[in-house]
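[1] Quick check, what structure comes out for this input:
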Amino acid sequence: MNIEHFLSRYMPEPNSGCWIWLGPTFQIRRRTMGYGRYGRHGVLAHRISFELHKGSIPVGQQVCHSCDNVLCINPDHLFLGNDRINSDDKVAKNRHLKGEEIGLSKLTEAAIKHIRVSSKSNSTLAAEYGVVPATIYNVRSGRTWSWVK
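    The predicted model follows:
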């Protein structure tokens, strides 16, 4: 790998401190995922930056972004974590998909509000919305959709 070439493919962003990757990004089914890629085999650019500046990445570890900018390759914004740490970080920063943002969700925020005020049984509402009664129970008890008031 040509280190000088790799390091010439980013631009510092003065406000955030991010180093924005200017090279190609990954695409799946013609949709850009945003993560930078480098080389013929498309290695993730932020992983290369981590290894160049901080050392090897242990097996099973991910390189996560503290800045939440998938194009950032600034090693000061990168940290090691596993699936759980990465997921917990995403939830703590409220960057995760929830509710209607999830493509397979059968309920909407309007439905949640209706479910919570309805006097109908969980089974009846479940049949109306095409879900199982436990889903209705979880909505009513606040275990799910807790952000909907």
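
[2] Tell me how many other residues surround Ile136.
    Residues lying near Ile136 (other C-beta atoms under 10 Å) number 25. (C-beta placed from N, C-alpha, C; glycine too.)

[3] Local confidence estimate at it?
    Per-residue pLDDT puts Ile136 at 96.

[4] pretty sure it belongs to a helix, no?
    Yes: assessed by DSSP: H, G, I helix; E, B strand; the rest coil, Ile136 belongs to a helix.

[5] Where do the strands of the protein begin and end?
    Taking DSSP state E as the criterion, the chain carries its strands at 10-12, 19-21, 25-28, 31-38, 43-44, 62-65, 78-81.

[6] Most tightly packed of these?
    Each of the strands of the chain was scored by mean neighbour count; the highest is strand 19-21, a mean of 22, by mean count of other C-beta atoms under 10 Å.

[7] Distance from that one to the middle of the chain?
    19 Å (C-alpha atoms, centre = their mean, to the nearest Å).

[8] How about stretch 83-98?
    Its chain's average C-alpha position is 7 Å from that of stretch 83-98, according to C-alpha atoms, centre = their mean.

[9] Tell me where the model's unsure across the protein.
    Applying pLDDT under 70 to the chain flags residues 28-33.

[10] For it, identify the residue most remote from the centre.
    Ser119 (36.8 Å; C-alpha atoms, centre = their mean).
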